[in-house]
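>>> I need the structure of the sequence given here:
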Amino acid sequence: MDKILEGLVSSDHSIPVKRAIVKKVVEAAEKAVTEEQCKALFTLTTRFILLGEDAFQRQIGFQVLEAYARYHRPEFEHFFSKDFVLSLLQQGYGQLDRKDPAIIDYIHCCLRLLISCPSVLEIFSVIQVEVLRMVCERPEPALCAHLSTLLSDFVQCIPRDKSGVLFCQQLVRTISYFHCFVSQERELREYVGQVTKVSTLLQNIWKADPATLLPSLQEVFAIISSTDPSFDPSISLASLVQHIPVQMITVLIKSLTTDHNVKDASMTKALCRMIDWLSWPLAQHVDTWVIALLKGLAAVQKFTILIDVTLLKIELGALAVLSHMLLSFQHSPEAFHLIVPHVVHLVQSLRTDGLPTSKAFLLQFTELIHCMMYQYSGFPDLYDHILEAIKDLPKPGEDKIKLVLNQSAWTSQSNSFASGPLRQVGKSETGKTGLVNLGNTCFMNSIIQTLFMATDFRRHVLSLHINGSNTLMKKLQLLFAFLAHTQRAAYAPKNFLEASRPPWFNVGSQQDCSEYLRFLLDRLHEEEKTLQVLESVKPKVPPPVDSSSKDPSGQTSPEDGEESYLTPAENKPENDGRTLTERMFGGKLITGIRCMQCNCISEKEEPFTDLSLAFCPSATSQGSPQPEGPSEEPKGSVNGGSEIPEPGLAKASASNVHFVPVTNEPPLSVPDLVNYFLAPEILDEENAYFCEKCSSLQRAERTMKVVSAPEYLILTLLRFSYDAKCHVRRKILDNVTIPPLMRLPVHAPSMPKQCSSSTSSPLQVDSPESSENLAKKLKPSQKDEEEEEDERIDGAEEINGRGEMAVQSVPYVLSSVVMHSGMSSESGHYYSYGRNINGADGTQHPAKHFALKEGLGNDQAECSLSTCSALSIPPEQGNTQPNSGQEARDWLLFNDSRVTFTCFQSVQNITNRFPKDTAYVLMYRKQELPGQNINGGLMANGMRLSTEPPLQKELLDAIIKDNKLYLQEQELNARTQALQAPSSSCSFRPNGSDDNNPPGSCGPSGGGGGGGGGGFNTISRLVF
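Numbering: from 1, shown residues only. Now for the predicted structure:
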């Protein structure tokens, strides 16, 4: 029969004739055949299958072999022995190489025919050994795919136990050698199919024997983390990721990120290669694993790896991975700027590709781009074409952008992957930066945060173009830039402390924050004045342009609307060469003294940067300390005036008075203290006034009027008094109600009067006694309050009865409050409240629109004759409930390193809850009412900047450098703690502040934000 079959195949008959004859041969298999004939047929058909010249011969071989093996199984069992199988796998067949896939297919076919025979078990044992040897030889994808098909059908051939683990590891390594060099789609599909068969085999083995999974994954990491330059593993390893149970992510990532044997270079390589896997077709969960590993590295603070990987692979990846990498890489714009050149092309392609998922993908990608441009503003040359390309797409709100950025930074990642004492130290949920206490420096920290929260002042400082780095204003600008953009939870202002500390302040000792504020503003003013003088004497040539005078796009700052410290962009006649300190905090007072004998008036105009408000004397208090110290002067020191008031000008009524809380009356309010400051007072006896007209000491009346309202009104409450009996400074603990809005009487400037008749006096009194009593009157009647509210709440100008002095009631909104906790100025602790104002510092909200829950009627003060008194603005009648959702996050508490959200009720009630904690320095922001233009049109002159100015390159470089340093510090600390963890049981405890903490203070704040990720969950699509 074998001769007939061989002759038939080699004959010239047509294919149909040959098929008909082969059919007869197959039917003859049912008849009895000798063992020799069977062996001859099996040998012939094997030759046809393995060495056939064409597909027809191979097909005939399979048909005849199957027929005769089924009816003559003992003979076939004898033919297909383990020795024959071993020779095929080790030596091949004739000229056919042992690594040819045809041999595997032949064995596969024969095993199906022998599956019920006992001898097949011996063959399984042989194959178990041989397949392990074969995978160790790194077979080609085709052979490996055929072998996988065989092993998937006959799992008995898969090695077991230790050999099984080794087989899986070697099969993983074999996959890493699967490189595809073809370019045709058909060949690519074939290649992907081959890899899929091998990965499916591994999946089946892992399911059947879970003990093989972890060693296999360890082998995967060992392969992709290899730093051998001669070996580049195939991205086909990505096919394995979809078969790894997702629930193992946490365990595996923790194992990888906390393994001290894994070097940084190896981890960087592994992560880069995993990102390359994103290009593997049909792979699932690759982006999930990549993001998990990125988060795990951030959790254990291995920021060096993250920086390197992001910069190397930012242009590759699915949107989810790209989003995570960009949103977490917040210390520098470098990563984002690498993809900027690709954005417009990608947006255009997504608009036109017609895929159903493209629209959703485009919206998410656009949101990501908006977040990044918000984070790294100041590059209009890079972003203009992007904005044009996405102008018709939705733009996320500022609150959502801030939330996404705050939750996505590396320093805000969830620490679920960290072990032992590792703890994340990131910014608080407020997104604001604290200030490290450098040893009783809370007096400085509270003032810096107060100035920083003065939005317009901060924006002007950051927009200054300052030549030279040794000026105090330059150091303040750098400090503000760090507070706005550093990734540190708290910044240590060491350089600024050294530059701004008054010479008489002892290092390490507690100081008076009001004294420091006045010294700081005076220094900034005098420094700018000096530079203006130096600039004015220089030849009129264009100023030199250094690196700090250009923005990142290379344009000079003044042309872009920025200010120059030497040549302000607002150098207009209306400014009269005033310094930034004068423009922001400077006001003017006129002090007038009228002789009560001849009615001659002497007036003197004085500048001020803050008003020092003495406490009103109580009718029952006697024999007590009087307010003293540098902060009691009634004027600022902008013009370098003495910080100690003239003895003859001290308020006589403020001496020899002991201030005690009055329990049967409502507490004092800030407007009460302002009214007391502005009220007329009598100079007599020891304080009698020398009248030049009378040429003698006379009883006189002194008045003070504000004639120029500052943009920011600073009020200092003189709480520290000197006890002459005990020779100590004591603190006045009276509670003072702080209104959220108040009005300040501002008089229109008038011609100075050296001597005038009584008819020209702006104040008319009946007698000295009545004048003094009227001046010291504190609480108006309800009728007076109602009348005064009707007269002034609209902020209209008032003219006195003689038509000589116009008075404006200027509205102010509370911006910041510095609190002092303690019993004396030499001890205790300072902290501050600041209002988180968006926009142009609240100017978009007229004063009449503000409403608060508390009743503030008792804070209103009277209008004494023609003098407009300060008063607080009550809530609207129809608004009984504030917007609690917004109000709850409208205020911030700055307590050295700790920054937390708070509310205005906390500011008002702090002294009631904690008697030693009292308001000390208050800052109010002037409000512009519709139709009004106070102080010569400051808004028209650009006093209020609508947005945060872009960072100058010099500041941006400093912040990027420090952010990298901070990440390196965090990484080093984390590794040090991890090494100490096994031998130490102590828990991590951050250092607290060096001062006495106020109630609720807990030292530096912990990390804020959620569990990380950018909030851009999407399908895994390739971006670039």
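>>> just the helices in the stretch 201-350 of the chain please.
In the stretch 201-350 of the chain, the helices defined using DSSP state H, counting those that start in this stretch lie at 213-224, 238-241, 249-257, 264-276, 286-299, 303-313, 319-328, 334-352.
>>> TSV for the ones you listed, including mean neighbour count?
C-beta coordinates here come from the backbone N, C-alpha and C atoms, glycine included. Output for the helices of the stretch 201-350 of the chain, formatted as TSV (neighbours: other C-beta atoms under 10 Å):
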stretch	mean neighbour count
helix 213-224	19
helix 238-241	24
helix 249-257	18
helix 264-276	20
helix 286-299	24
helix 303-313	21
helix 319-328	26
helix 334-352	16
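>>> Take those helices and lay them out in CSV including distance to residue 528 and mean pLDDT.
Output for the helices of the stretch 201-350 of the chain, formatted as CSV (distance: least, C-beta to C-beta, whole Å; pLDDT from 0 to 100):
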stretch, distance to residue 528, mean pLDDT
helix 213-224, 59, 89
helix 238-241, 61, 84
helix 249-257, 51, 78
helix 264-276, 48, 84
helix 286-299, 43, 80
helix 303-313, 39, 75
helix 319-328, 40, 78
helix 334-352, 35, 84
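>>> going on from the longest strand anywhere in the chain, what's the next piece of helix or strand?
When the chain is parsed with DSSP state E, its longest strand is strand 806-821. Moving toward the C-terminus from strand 806-821, the next helix or strand (DSSP states H and E) is strand 829-835.
>>> What pairs with that next one, parallel or antiparallel?
If you go by DSSP bridges, strand 829-835 pairs up with strand 806-821 (antiparallel), strand 891-895 (antiparallel).
>>> roughly how far out does the longest one sit from the chain middle?
Going back to what we said before, that points to strand 806-821. 31 Å (C-alpha atoms, centre = their mean, to the nearest Å).
>>> Buried residues of that strand, list them for me.
By neighbour count with 16 or more other C-beta atoms under 10 Å, strand 806-821 contains the buried residues 807-821.
>>> biggest helix in the chain, by residue count?
In the chain, taking DSSP state H as the definition, the longest helix is helix 953-980.
>>> chain center to that helix, what's the gap?
Per C-alpha atoms, centre = their mean, the centroid offset for helix 953-980 relative to its chain is 15 Å.
>>> What average pLDDT does it get?
Mean pLDDT, helix 953-980: 79.
>>> One more: stretch 83-96?
Here the average pLDDT along stretch 83-96 is 91.
>>> And the contacts of it?
46-47, 50-51, 98-100, 102-103, 106-107, 123, 126-127, 130, 134 (C-beta atoms under 8 Å, 6 or more residues apart in numbering).
>>> Find the centremost residue of the protein, please.
Nearest to the mean C-alpha position of the chain, by C-alpha atoms, centre = their mean, lies residue 406 at 3.7 Å.
>>> Is that residue in a helix, a strand, or coil?
Under the three-state scheme (DSSP: H, G, I helix; E, B strand; the rest coil), residue 406 adopts helix.
>>> just checking, it touches residue 429?
Yes: between residue 406 and residue 429 there is a contact under C-beta atoms under 8 Å: 7.1 Å.
>>> For the chain, name the helix or strand with the lowest mean pLDDT.
Counting by mean pLDDT, DSSP states H and E, the chain has its least confident helix or strand at helix 768-775, which shows a mean of 35.
>>> on that earlier part again, the helices of the stretch 201-350 of the chain into a markdown table, with extra columns for distance to residue 366?
Formatted as a markdown table, the helices of the stretch 201-350 of the chain follow (distance: least, C-beta to C-beta, whole Å):
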| stretch | distance to residue 366 |
| --- | --- |
| helix 213-224 | 33 |
| helix 238-241 | 28 |
| helix 249-257 | 29 |
| helix 264-276 | 23 |
| helix 286-299 | 19 |
| helix 303-313 | 21 |
| helix 319-328 | 11 |
| helix 334-352 | 7 |
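>>> So which of those helices is nearest residue 82?
Smallest distance to residue 82 across the helices of the stretch 201-350 of the chain (C-beta to C-beta): 29.2 Å, for helix 213-224.
>>> Quick check: which helices or strands does that closest one pack against?
helix 161-175, helix 185-208, helix 264-276 (3 or more C-beta pairs under 8 Å, 6 or more residues apart in numbering; DSSP states H and E).
>>> at 6 Å what do you get?
helix 161-175, helix 264-276 (3 or more C-beta pairs under 6 Å, 6 or more residues apart in numbering; DSSP states H and E).
>>> which ones among the contacts of stretch 83-96 are found in strands?
Going by DSSP E, the strands hold none of the contacts of stretch 83-96.
>>> what's the closest of those to residue 507?
Looking across the contacts of stretch 83-96 and measuring by C-beta to C-beta, the closest to residue 507 is residue 134, at 76.6 Å.
>>> Residue 39 and residue 600: what is the separation?
Distance of residue 39 to residue 600, computed by C-beta to C-beta, to the nearest Å: 143 Å.
>>> Tell me which of the two has more neighbours.
residue 600 (22 against 17; other C-beta atoms under 10 Å).
>>> I'd say the more buried one and residue 693 touch.
Yes: contact criterion C-beta atoms under 6 Å: residue 600 and residue 693 qualify, at 4.5 Å.
>>> any idea what sits nearest residue 495, other than its immediate chain neighbours?
Excluding its sequence neighbours, the residue lying closest to residue 495 (C-beta to C-beta, 6 or more residues apart in numbering) is residue 475, at 6.0 Å.
>>> what's around that neighbour, how many residues?
Counted with other C-beta under 10 Å, residues neighbouring residue 475 total 19.
>>> Can you say which of the strands paired with strand 829-835 is nearest to residue 368?
With C-beta to C-beta as the criterion, residue 368 lies closest to strand 891-895 of the strands paired with strand 829-835, at 28.1 Å.
>>> following that closest one, which helix or strand comes up?
Sequence-wise, the next helix or strand downstream of strand 891-895 (DSSP H and E) is strand 898-902.
>>> just how off-centre is that next one within its chain?
In terms of C-alpha atoms, centre = their mean, the centre of strand 898-902 is set 15 Å apart from its chain centre.
>>> Which strands and helices lie in contact with it?
In terms of contacts (3+ C-beta pairs under 6 Å, 6+ apart), strand 898-902 is packed against strand 891-895.
>>> can you pull the buried residues of the strand it packs on?
Those would be 891, 892, 893, 894, 895, for strand 891-895 by 16+ other C-beta under 10 Å.
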